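**Q** Need a 3D model of the following:
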Amino acid sequence: MLSPNNMLLGAFPSTTLDYQEDSITLEKGDKVIMYTDGIINMEDVEGEQIRLENFLMENKDKPIDQILNLVYDLGIESIKNSYCKD
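**A** Just a heads-up that it's a prediction; the model follows:
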């Protein structure tokens, strides 16, 4: 898993920031998941922030459509229980 420590894209003029570049070789079966800050800022019913990276690593062997459905369901559940701030 890539772990860049850059500012989010598009938040500031590109002339003011130097972004770190990295590359990897994708193998058959690898997954690329892009997400917004609304997903990483969700909280569970106890008010604890959901660690998306941990969640994805715990589910990495599942098919991508199942992972996306789990993330979607988690977001819907957060909204229903009003513990999602975004």
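**Q** Could you list every helix and strand in contact with the longest helix along the chain?
**A** Scanning the chain for the longest helix, with DSSP state H as the assignment, gives helix 64-80. Counting contacts by 3 or more CB pairs under 8 Å, 6 or more residues apart in numbering; DSSP states H and E, helix 64-80 packs against helix 37-40, helix 52-58. Every residue, glycine included, has its C-beta placed from N, CA and C.
**Q** do you know how far Lys80 is from Glu58?
**A** Going from Lys80 to Glu58 by CB to CB, to the nearest Å gives 22 Å.
**Q** now swap in Ile79 and tell me
**A** Relative to Glu58, Ile79 is positioned 22 Å away (CB to CB).
**Q** now swap in Gln20 and tell me
**A** From Gln20 across to Glu58, the span is 26 Å (CB to CB).
**Q** Of the two, which one has the most company?
**A** Just comparing Gln20 and Glu58: by other CB atoms under 10 Å the higher neighbour count belongs to Glu58, 11 against 7.
**Q** Quick check, pLDDT for the more buried one.
**A** Looking at Glu58, its pLDDT stands at 90.
**Q** Equivalent analysis for Leu74, please.
**A** 81.
**Q** With Asn41 instead?
**A** Asn41 carries a pLDDT value of 67.
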